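Colleague: Next input, structure requested:
(chains A and B)
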Number of protein chains: 2
Amino acid sequence: MNRDGEVFLSIERYALMRVKIDGDKKEIRSVWFEKGRVLMIDQRKLPLSLEIKGLGTVDEVCISIREMWVRGAPAIGITAAYGMAIASLTGEDVKSAAEKLKATRPTAFDLFYAVDYMLEKINIGDDPVVAAEEYANIIIEKCRSIGNEGAPLIKDGFRILTHCNAGALATGDYGTSLSPIRTAFSEGKIIFVFVDETRPRLQGARLTAWELYQEGVPHAVIADNAAGHYMRTGQIDMVIVGADRIAGNGDFANKIGTYEKAVIAKENGIPFYVAAPASTFDLSLPGGGKIPIEERDEKEVLEFGGVRIAPHGSSARNPAFDVTPARYVTGFITEYGVFTPEELPSLILIIKGRGE
Amino acid sequence: MNRDGEVFLSIERYALMRVKIDGDKKEIRSVWFEKGRVLMIDQRKLPLSLEIKGLGTVDEVCISIREMWVRGAPAIGITAAYGMAIASLTGEDVKSAAEKLKATRPTAFDLFYAVDYMLEKINIGDDPVVAAEEYANIIIEKCRSIGNEGAPLIKDGFRILTHCNAGALATGDYGTSLSPIRTAFSEGKIIFVFVDETRPRLQGARLTAWELYQEGVPHAVIADNAAGHYMRTGQIDMVIVGADRIAGNGDFANKIGTYEKAVIAKENGIPFYVAAPASTFDLSLPGGGKIPIEERDEKEVLEFGGVRIAPHGSSARNPAFDVTPARYVTGFITEYGVFTPEELPSLILIIKGRGE
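Modeller: Take a look at the predicted model:
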């Protein structure tokens, strides 16, 4: 596989995310590698503007992760893998590049997984660009499988709640929580998606709504506060969310607010699914108590679009993730099938058997 | 009581809400009557600007309620009472004024209660301004009592979660959910308040934070999504919310998102209190199923400060309230004391005995 042509070929072969650019429909990934640079949709600018950024150094890649031009655990992993390829291409010390990349964000397990994957490949002398592309393609193929495994859970007529964005933007393509929704919709099922806007950064209103609109999936944005109302009044049939890190017992970290949705779903007897590739499982953690929770800048809460919404003099707290105990999860939708929390030991056997 | 001097006297006597105007501390109500006009803090402009609006006609009063210059069930009731006084003073037909005022917003029970109270007083020949002032003073005195009844529930060192704004702004003075907090703080208790920002209209970030800042009460604004995280991790000792309408069995309507906080509190063994005057009980409703839920403009979700946040082409749903079943409530803090849901029949006997 050479560096340029095949990269595009692989994008052509895998890509499904439709975007409309100047009226034309195009199919692209959210992050890809081309001519020595990482190219990515600048997710801060969505949904009102579609801008592609190009990054040629490890430091630029670090900025793009830290400042959330790219976000979503699998897409961060892909970006970090490309960042390691850039380190290798530009002659930067790969170990220090690995440290820099790992220091960008603390919660997403894929970040560490991808960097270690690349360190190993580089150490054994593999072509770093080929290795990074393989990593990206593996992740995206897993997301496609998650769609195939999860779609049968979605019945015709289902109204589905999602939180944050675990779509193609978050994973390179297909998505995790959005992948079963994409697949079910492409199979002709009548579905409707309630999109939690997902404060403070509004990834639902900005990104998930954008993806669903591009694909033509019927949906409505709601304030996060409204999800409970729709669950209690029987207007939601199923919840699907993604995960940033899953402990060995099934406790998982995901976007702040996920825990609330999980508790409310259980209280109302609504199935609650977590869609994530097996690489999201951190088997070094027996439970969720040790997952580090990133606390982000209070300005994300106190300001909106640079305009202050709270009094000058008030402060804020801004945890980016929360931990949901496994007992609230109906099933984990993975590339190896759907597993209840009780069935996780068999998934872990598969993961360990494959050395993932 | 004449129309001008005594009105100010009553404000002086009751007012506790501190505001800083051009560096000076003043004490005012959120809505009051002066020289034939309703004066009110324009709550849409807070927290960055403190503007007082004056309204001289029933139609202006209706606009101020419908467009939420004033909000909060008790403050809406006071405003409507003053609106009825204006109808009487300006010679407008009081019955049609009553219909117009009742049509402004559908959920707050105080609105209907206040208008009917005024209709009765006007019918029996009472001075309408005196009657409206008495109504306002009764409401505010009830709020003061709610503070006294609720403060003993707040222990030294408590970290308290609030949702939306049920403060002095929402009630004329003191507040309902904020009244026990004000009282506990004024007694010297060390407390900390987590303020749900309360999307989509941000009454928590804008109004509750503003009131707490004015009073000097330590607090932090959080995204609504974060409340569950702090409850699960043992960082919240108590939840206090207001109510817009309470059915006879204790099911109650309050700002959208209240239901989620109530379920999460119960799940984590955290006391959950509803602070409201007895006039918020609608004894014509045996349960919460029949409480009408106002659905507001989708732009409140899709736009922020006039700027679109969701894709053009996406729609939104925007219920302003939700209903929380009584089984999630630890106690109702009223001017007659604190009642568990099981003890509500004795509160209802008090209410019926007083003909409220």
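
Colleague: On the three-state scheme, the closest residue to chain B within the stretch 101-250 of chain A is what?
Modeller: Chain B sits closest to A:N225 of the stretch 101-250 of chain A, with a gap of 2.8 Å, by Cβ to the nearest Cβ. The C-beta positions use only the backbone N, C-alpha and C, and glycine is treated the same way. Put simply, A:N225 is helix when judged by DSSP: H, G, I helix; E, B strand; the rest coil.

Colleague: Let's see the pLDDT reported for it.
Modeller: As predicted, A:N225 sits at a pLDDT of 97.

Colleague: Equivalent analysis for A:N137, please.
Modeller: So, for A:N137, pLDDT stands at 95.

Colleague: Burial check on it, number of neighbours?
Modeller: Using other Cβ atoms under 10 Å in any protein chain shown, A:N137 is surrounded by 17 other residues.

Colleague: helix/strand/coil for it?
Modeller: Using three-state DSSP, the structure places A:N137 in helix.

Colleague: and stretch A:229-244, how far from the chain's centre?
Modeller: Distance of stretch A:229-244 from the chain centroid (Cα atoms, centre = their mean, to the nearest Å) equals 18 Å.

Colleague: touching chain B at all, that stretch?
Modeller: Yes - remark: stretch A:229-244 sits within contact range of chain B at A:229-230, A:232, by Cβ under 8 Å from any Cβ of the partner chain.

Colleague: Send over that stretch as PDB, restricted to the C-alpha atoms.
Modeller: Provided in PDB are the C-alpha atoms of stretch A:229-244 (Å, rounded to 0.1, in the frame of the first residue of the first chain):
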ATOM      1  CA  HIS A 229     -40.100  13.600  30.200                       C
ATOM      2  CA  TYR A 230     -40.200  11.600  27.000                       C
ATOM      3  CA  MET A 231     -39.000   8.400  28.600                       C
ATOM      4  CA  ARG A 232     -41.600   8.700  31.400                       C
ATOM      5  CA  THR A 233     -44.400   9.400  29.000                       C
ATOM      6  CA  GLY A 234     -43.700   6.400  26.800                       C
ATOM      7  CA  GLN A 235     -42.300   8.300  23.800                       C
ATOM      8  CA  ILE A 236     -38.900   6.600  23.700                       C
ATOM      9  CA  ASP A 237     -38.400   2.900  23.000                       C
ATOM     10  CA  MET A 238     -34.700   2.600  23.300                       C
ATOM     11  CA  VAL A 239     -31.500   4.500  24.300                       C
ATOM     12  CA  ILE A 240     -28.200   4.000  22.500                       C
ATOM     13  CA  VAL A 241     -25.000   5.800  23.700                       C
ATOM     14  CA  GLY A 242     -21.300   5.400  23.000                       C
ATOM     15  CA  ALA A 243     -18.500   5.000  25.500                       C
ATOM     16  CA  ASP A 244     -15.100   6.600  26.100                       C
END
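
Colleague: And for A:R144, the neighbour number?
Modeller: Applying other Cβ under 10 Å, we find 18 residues neighbouring A:R144.

Colleague: what does A:I124 give?
Modeller: A count of nearby residues for A:I124, using other Cβ under 10 Å, gives 8.

Colleague: Repeat that for A:T340.
Modeller: A:T340: 13 surrounding residues under other Cβ under 10 Å.

Colleague: re earlier: quick one, which of the residues of stretch A:229-244 next to chain B are buried?
Modeller: Among the residues of stretch A:229-244 next to chain B, those buried by neighbour count (16 or more other Cβ atoms under 10 Å in any protein chain shown) are A:229-230, A:232.

Colleague: And chain A, what are its domain boundaries?
Modeller: Split into domains by automatic domain parsing, chain A comes to A:6-142, A:151-353.

Colleague: will you turn the ones you listed into a markdown table that also has distance to B:S346?
Modeller: Shown next, in a markdown table, are these (distance: least, Cβ to Cβ, whole Å):
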| stretch | distance to B:S346 |
| --- | --- |
| domain A:6-142 | 50 |
| domain A:151-353 | 28 |
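
Colleague: deepest of those, which one?
Modeller: Among these, domain A:151-353 has the highest mean neighbour count (mean count of other Cβ atoms under 10 Å in any protein chain shown), at a mean of 22.

Colleague: ends of it, how far apart?
Modeller: Start-to-end span of domain A:151-353 (Cα to Cα, to the nearest Å) is 26 Å.

Colleague: for it, the distance to its chain's centre please.
Modeller: So, by Cα atoms, centre = their mean, the centroid of domain A:151-353 is 9 Å from its chain's centroid.

Colleague: any weak-confidence spans in chain A?
Modeller: A:1-24, A:355-356 (pLDDT under 70).

Colleague: all helices for it, in order.
Modeller: A:5-14, A:58-66, A:73-90, A:94-102, A:109-123, A:128-150, A:168-171, A:178-186, A:203, A:209-215, A:227-232, A:258-267, A:299-302, A:344-353 (DSSP state H).
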